[in-house]
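In: Have a look at this fold, sequence not included:
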């Protein structure tokens, strides 16, 4: 039997110094969610992490906002 997928909320500081709040990442556990987060935000610092329930979807960042942030970060390199 597989573990259920849960949602984890993160507040991070990017390598460029920007703070990103309310990131929601799905994972079977916090370790998996952090791994996925670090694939998107290389060398970020996790300032806060918590498990969130399914009713908090409106609190998470939208995909379009995340793409904008990632694209802004890549221009700094």
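Out: Cool, the structure landed. Computed from a prediction, not measured in an experiment: that's the story for all the values here.
In: Helix or strand: which one has residue 9?
Out: In this assignment (DSSP states H and E), residue 9 forms part of strand 6-13.
In: what's that strand packed up against?
Out: Taking 3 or more C-beta pairs under 8 Å, 6 or more residues apart in numbering; DSSP states H and E as the contact definition, the neighbouring helices and strands of strand 6-13 are strand 19-27, helix 30-40, strand 45-52. Any C-beta I mention is one placed from the backbone N, CA and C, and that applies to glycine too.
In: Please identify the most buried of the ones you listed.
Out: Of all the helices and strands packed on strand 6-13, strand 19-27 has the most neighbours on average by mean count of other C-beta atoms under 10 Å, namely a mean of 16.
In: Partner strands of that strand, with direction?
Out: The strands beside strand 19-27 in its sheet (DSSP bridges) come out as strand 6-13 (antiparallel).
In: tell me which residues in the partner strand are buried?
Out: Neighbour-count burial for strand 6-13, counted by 16 or more other C-beta atoms under 10 Å, picks out 6, 7, 8, 9, 10, 12.
In: List the contacts of the fifth one.
Out: With contact set as C-beta atoms under 8 Å, 6 or more residues apart in numbering, residue 10 has these partners: 23, 24, 25, 33, 34, 37, 46, 48, 49.
In: what does the third one give?
Out: By C-beta under 8 Å, 6+ apart, residue 8 lies in contact with 24, 25, 26, 27, 30, 33, 34, 49, 50, 51, 52.
In: Tell me the one of the residues you listed nearest residue 17?
Out: Comparing those against residue 17 with C-beta to C-beta picks out residue 49 as the nearest, at 19.3 Å.
In: Quick check, the closest one in contact with residue 29.
Out: No: with contact taken as C-beta atoms under 8 Å, residue 49 and residue 29 are classed as non-touching, separated by 11.6 Å.
In: Of all residues in this protein, which one is nearest the centre?
Out: In the chain, the centroid-proximal residue (C-alpha atoms, centre = their mean) is residue 23; its distance is 4.0 Å.
In: Test my guess that that residue contacts residue 7.
Out: No: the criterion here is C-beta under 8 Å, and residue 23 misses it with residue 7 at 10.6 Å.
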